[in-house]
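**Student:** what's the 3D shape of this:
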Amino acid sequence: MGLINMRKRVIAGIVFGGVLMVLLLSACSLDGPVSELRKRASGTGGSGTSGNNPVGDDPGVTRAFGPVVSIAVGSARLAIKDDGSLWTWGWNLQGALGDGTYTDRYSPVKIGTDTNWAFVAGSIYSMGMKKDGSLWAWGVNSAGSLGDGTNTDKNYPVRVGTDTNWACFSAGGQYGLAIKKDGSLWAWGVNDLGQLGDGTNIDRNIPVRIGIESTWDLISAGQYHSIATKKDGSLWAWGRNDQGQLGDGTTTNRNTPVRIGIDNDWASISTGSADNLAIKKDGSLWAWGWNSPGTHIPVRIGTDTNWALVAAGNSHNLAIKDDGSLWAWGLNSSGALGDGANNYRYSPVRVGTDTDWVLVAAGECSLGIKKDGSLWAWGSTRLGDSTASWNVPVRVTY
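**Tutor:** Numbers count the residues shown, from 1 in each chain. Model (predicted):
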């Protein structure tokens, strides 16, 4: 959606509706080996300043941004460097950058002075978790999406409660999901379509527990629907279902979690606006939901069994294979696929020839991290100016 063991960290992309198209990223704790790719995609933090130059750098000097360990794309683009510092740029909708202003930024700016940030997640608002397990949020808050007990927008990070045992979180369309270290599931924000999963359609501006189970493992929040896995590898979903995005074979909305199929081998998940991507333990790739006309149960994509990570964006998808190669498919009018063209792709196509990709985030644009910690961007990146876009990955500088 930072870093990762792919089984415990999910990149989640979504469209914020035909209204605001952005990426959602779900961030989870690290705990266990998978492949070399999964192990490399782990880390903790960053470095920097306010303005366009890092602390201690000469004004006017352009430098490569990084090393980076966590990324997200929302109305803000977010990154954490390996020193634990938090950086953002892009559209500052209702304070989504968190820099204390409402000014759009076209190169990375440092947020505050803290150097203990661990993971970030982005949507119409922004979220982050610190190394001490505390959870923070900033940006739009009209429906309680920040979880701070108010409905007032914040242009700086505010703490979500006082707990320090958060393990996994995901930023949805004006709502949030999180799992604690004990495996309990919590939700807050807008709930008109049951996306919180608490059995009601009532908005919440503080986290409320979902059910009594303590077996939740991974979560991913979409625009109006949510998906999750339990520790037994089972798959669950709730919220809006008009396009079959819940994957239960119906188009009926659900305000409590419902199980998807009977399989117990789901390893990674990512939500889009009304679609989903998932990888099973055998490395196979699956999708369901909106797809003109739509698929209401998970269907397999191709026959490969070496998929390692997926990121569902607003109208395009990204994935990394075990060999570190990058793949993309979907709409491509702004170059978000990164394949050097602007043509739609209806099945995965390889992006370049590099085999050192370890993490990707998809939304209005695409972000990626390579093994050396370098940060790359393509599509409508908002780097340089509000209209900047590239149809191949370009190195992020500041």
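
**Student:** Now residue 93. Its backbone dihedrals?
**Tutor:** phi -60, psi 110 (degrees, to the nearest 10).

**Student:** What sits closest to it if chain neighbours are left out?
**Tutor:** residue 75 (4.4 Å; C-beta to C-beta, 6 or more residues apart in numbering). From N, CA and C alone the C-beta is placed, and that goes for glycine too.

**Student:** Can you check the pLDDT for the one you found?
**Tutor:** pLDDT for residue 75: 92.

**Student:** Any figure for the gap between it and residue 91?
**Tutor:** Separation of residue 75 from residue 91 (C-beta to C-beta, to the nearest Å): 5 Å.

**Student:** More neighbours: which of those two?
**Tutor:** residue 75 (29 against 19; other C-beta atoms under 10 Å).

**Student:** what residues are up against residue 206?
**Tutor:** Contacts for residue 206 were tallied using C-beta atoms under 8 Å, 6 or more residues apart in numbering; they are 144, 147-149, 161, 188.

**Student:** so of those residues, which ones are in strands?
**Tutor:** Under the assignment DSSP state E, the contacts of residue 206 contribute residue 188 to strands.

**Student:** Could I have the buried ones of the contacts of residue 206 as ChimeraX selection syntax?
**Tutor:** This is how ChimeraX selects the buried members of the contacts of residue 206, with burial counted by 16 or more other C-beta atoms under 10 Å:
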select :144,147,148,161,188
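
**Student:** And the contacts of residue 206, which two are furthest apart?
**Tutor:** Greatest spatial distance in those: 144 and 161, 12.6 Å, computed using C-beta to C-beta.

**Student:** Would you map the helices across the stretch 201-350 of the chain?
**Tutor:** Ranges of helices in the stretch 201-350 of the chain, per DSSP state H, counting those that start in this stretch: none exist.

**Student:** Low-confidence ranges, it, go.
**Tutor:** Residues of the stretch 201-350 of the chain that meet the criterion pLDDT under 70 lie in 292-294.

**Student:** Pull stretch 310-318 out as PDB, backbone CA atoms only.
**Tutor:** The C-alpha trace of stretch 310-318 is given here as PDB (Å, rounded to 0.1, in the frame of the first residue of the first chain):
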ATOM      1  CA  VAL A 310      -0.200  -6.500  -6.000                       C
ATOM      2  CA  ALA A 311      -1.400  -2.900  -5.900                       C
ATOM      3  CA  ALA A 312      -4.800  -2.000  -7.200                       C
ATOM      4  CA  GLY A 313      -5.100   1.700  -8.300                       C
ATOM      5  CA  ASN A 314      -7.900   3.900  -9.400                       C
ATOM      6  CA  SER A 315      -8.200   2.400 -12.800                       C
ATOM      7  CA  HIS A 316      -5.000   0.500 -13.200                       C
ATOM      8  CA  ASN A 317      -3.100  -2.200 -11.400                       C
ATOM      9  CA  LEU A 318       0.600  -3.000 -10.600                       C
END
